[in-house]
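**Student:** Dropping a prediction and its sequence here:
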Amino acid sequence: MPDEYMFRSAIELVGMVRSGEASARELVDASLASIGRLNGELNAFVTLCEERAIAEAEAVSANDERPLAGVPIAIKDLTALTEGVRTTLGSAAMADFVPAIDSAMVRRLRDAGAIVVGKTNTPELGILPVTEPDLFGPARNPWNTGRTTGGSSGGSAAAVAAGMVPVAHANDGGGSIRIPASCCGLVGLKPARGRVSIAPHLTEVMGGITIDGCVSRTVADTALMLDVIAGYETGDPYWAPPPSAPFIEAAGREPGRLRIAFATAAPGGIPVHEHCVAGVRETAEALDSLGHEVEEAAPAWDDDGYIDNFLTIWIAGTAQQVKEIEQLSGKPAKPGNFEALTLEMAATGSSYSAVEYLTALDYLRLLSRRIVALWDSYDVLLTPTMAQPPLEIGALRQAEGEPAITMLHNAVDFVPFTPLFNATGQPAVSLPVSMSPQGLPIGVQLVGPPAGEELLLSLSAQLEQAMPWSDRRPQAAIVP
């Protein structure tokens with residue numbers, strides 16, 4: 001039934017197109033119908049490109065052998081440029097910007113046969129781990145519309161969780177794939193540094209901590225997407241070694257017996273909610289029953305400077321983005337063009353010296369040496385993805401009289417586990433292993449060795465079999 005198409009995996013949909021069970025046009029029509037029914041409530045999409053999507057779908061034939069032929073997808077409205085479709089970065093300053101080219105990652109997706117149906121909601125410049133931009137308003141969690149989708153890929157996560165598209169682009173500079181995946185009950189893999197290029201318009205963002213990926217309902221779809229978007233582009237400052245085989249094969253093979261450490265206490269002693277702790281312990285028990293060697297251990301992450309130095313990089317990177325947007329749009333950094341938080345970060349970041357920035361970056365590089373040393377003794381680390389279940393919309397906002405930048409420090413208490421592995425560059429995945437008693441998704445994070453996506457995909461697929469999640473549906477997505 002067309003109402004069910006967007007709850008099929010991307011791999012299934014490709015098979016349906018090739019077998020003639022459904023046409024690419026029928027899949028795009030089903031996606032657009034779901035968006036039309038749900039987006040008014042969830043605010044996942046901020047821009048649609050129906051006519052182009054329909055035209056591209058009609059050009060897909062049943063004998064199309066491309067790996068994503070006919071699959072409707074969404075692109076996060078942040079750094080990924082989309083030719084002829086506006087790219088706003090969640091900012092009023094960019095509200096009318098229409099790029100003339102696709103980013104390399106978008107080009108790879110379209111060349112693989114994926115059909116972009118629209119752009120998804122994101123916080124301004126991807127700053128916060130919640131999706132509540134002034135320009136478009138908050139994206140709402142399909143599991144509870146009063147709760148956050150997470151951020152900054154919150155629109156993409158809401159779109160996949162609600163069955164608007166089977167898979168969506170996302171990216172991650174401090175957890176922005178893993179956090180919304182956890183909030184919305186999805187698989188969210190942050191690839192290793194250098195695995196996916198941000199060419200041609202960017203070289204590195206915030207010291208190389210950002211990376212593109214996707215959110216999906218299944219491990220196999222995530223692996224397929226990574227096969228499509230991974231790869232070096234001319235002049236990239238980082239590149240990861242190629243996998244031993246396609247990532248989709250890794251998702252189909254046994255991981256072998258692994259040494260797995262698990263930790264439930266957060267860096268810096270930040271409190272962790274009992275439901276997030278329970279998700280880790282439940283997963284640790286499942287891994288033990290699968291024959292892995294599981295024991296409690298944590299990296300050397302209790303470091304007083306971790307948060308301050310990471311925020312220095314984050315704030316300086318935001319200041320750089322604002323300067324670039326001023327040049328591109330001709331709109332100055334002032335209220336009405338940018339949000340208060342962005343302006344405060346831009347002012348603070350512009351006051352940093354080059355020495356202060358480089359000192360913070362070097363601090364994180366040295367910290368990374370200590371963190372990655374854990375993988376001398378273990379293959380994988382298991383942690384909560386977040387310190388809290390999905391928060392109420394608006395929960396991170398500053399109190400009356402506080403500066404807007406207070407929201408950044410509020411965010412640290414929500415998501416202390418994810419940014420560390422942007423600093424180290426290791427691959428990390430959030431898996432939707434459990435649900436809270438209140439019916440909210442609870443994710444756990446698995447962190448692999450450097451360039452170790454194959455191992456993470458194999459282990460994640462094994463857990464997917466042991467702790468199935470892909471058939472869960474939020475109330476908002478159920479057709480009356």
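**Tutor:** Cool, got the structure.
**Student:** Show me where the stretch 51-200 of the chain has its strands.
**Tutor:** 72-76, 115-120, 167-172, 187-190 (DSSP state E, counting those that start in this stretch).
**Student:** JSON lines for those strands, including mean pLDDT, distance to Phe136 and mean neighbour count?
**Tutor:** Glycine gets a C-beta too; all of them are placed from N, C-alpha and C. Written out in JSON lines, the entries for these read as follows (pLDDT from 0 to 100; distance: least, CB to CB, whole Å; neighbours: other CB atoms under 10 Å):
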{"stretch": "strand 72-76", "mean pLDDT": "98", "distance to Phe136": "13", "mean neighbour count": "31"}
{"stretch": "strand 115-120", "mean pLDDT": "98", "distance to Phe136": "10", "mean neighbour count": "27"}
{"stretch": "strand 167-172", "mean pLDDT": "98", "distance to Phe136": "16", "mean neighbour count": "30"}
{"stretch": "strand 187-190", "mean pLDDT": "99", "distance to Phe136": "22", "mean neighbour count": "33"}
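**Student:** Where does pLDDT dip in the stretch 351-480 of the chain?
**Tutor:** By pLDDT under 70, the weakly predicted segments of the stretch 351-480 of the chain are 479-480.
**Student:** Do a quick rundown of the strands in it.
**Tutor:** If you assign secondary structure with DSSP E, counting those that start in this stretch, the strands in the stretch 351-480 of the chain sit at 380-384, 428-435, 441-447.
**Student:** quick one: which of those strands is nearest Asp212?
**Tutor:** Using CB to CB as the criterion, the shortest distance between Asp212 and the strands of the stretch 351-480 of the chain is 14.3 Å, found for strand 428-435.
**Student:** Any buried residues in the strand or helix carrying Phe310, and which?
**Tutor:** Under the criterion of DSSP states H and E, Phe310 resides in helix 306-329. Neighbour counts using 16 or more other CB atoms under 10 Å place 306-307, 309-322, 325-326, 329 of helix 306-329 among the buried residues.
**Student:** coming back round to it: could you point out which of the strands of the stretch 351-480 of the chain sits nearest Phe136?
**Tutor:** For Phe136, the closest of those is strand 441-447, at 23.1 Å, according to CB to CB.
**Student:** returning to that earlier point: export the strands of the stretch 351-480 of the chain as JSON lines, with columns for distance to Ile405 and mean neighbour count.
**Tutor:** As requested, the strands of the stretch 351-480 of the chain are exported to JSON lines (distance: least, CB to CB, whole Å; neighbours: other CB atoms under 10 Å):
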{"stretch": "strand 380-384", "distance to Ile405": "26", "mean neighbour count": "27"}
{"stretch": "strand 428-435", "distance to Ile405": "27", "mean neighbour count": "26"}
{"stretch": "strand 441-447", "distance to Ile405": "27", "mean neighbour count": "28"}
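**Student:** Format the ones you listed as JSON lines; extra columns: distance to Ala265.
**Tutor:** What follows is these, written out as JSON lines (distance: least, CB to CB, whole Å):
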{"stretch": "strand 380-384", "distance to Ala265": "9"}
{"stretch": "strand 428-435", "distance to Ala265": "18"}
{"stretch": "strand 441-447", "distance to Ala265": "14"}
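**Student:** Can you tell me which of these is nearest to Gly208?
**Tutor:** Among the strands of the stretch 351-480 of the chain, if distance is taken as CB to CB, the winner is strand 428-435, at 15.3 Å.
**Student:** Pull up the pairing partners for the closest one, direction included.
**Tutor:** For strand 428-435, the pairing partners within the sheet under DSSP bridges are strand 187-190 (antiparallel), strand 441-447 (antiparallel).
**Student:** Quick one: distance of the last one to the chain centre.
**Tutor:** Meaning strand 441-447. Offset of strand 441-447 from its chain centre (CA atoms, centre = their mean, to the nearest Å): 13 Å.
**Student:** what's the angle between it and strand 380-384?
**Tutor:** 150 degrees (axes from the mean of the first three to the mean of the last three CA atoms, to 10 degrees).
**Student:** separation between the residue nearest in space to the middle of the chain and Val429?
**Tutor:** Centrality entry for the chain: nearest residue to the mean C-alpha point is Ile177, 1.5 Å, by CA atoms, centre = their mean. When distance is defined by CB to CB, to the nearest Å, Ile177 is 9 Å away from Val429.
**Student:** and if you look at Trp239?
**Tutor:** As for Trp239, its distance to Val429 is 21 Å (criterion: CB to CB).
**Student:** try Leu463
**Tutor:** Here Leu463 is placed at a distance of 10 Å from Val429 (CB to CB).
**Student:** Check Ile307 too.
**Tutor:** According to CB to CB, Ile307 and Val429 sit 23 Å apart.
**Student:** repeat for Ser460
**Tutor:** Between Ser460 and Val429 the distance is 6 Å, computed by CB to CB.
**Student:** do Gly20 as well
**Tutor:** Counting by CB to CB, the gap between Gly20 and Val429 amounts to 34 Å.
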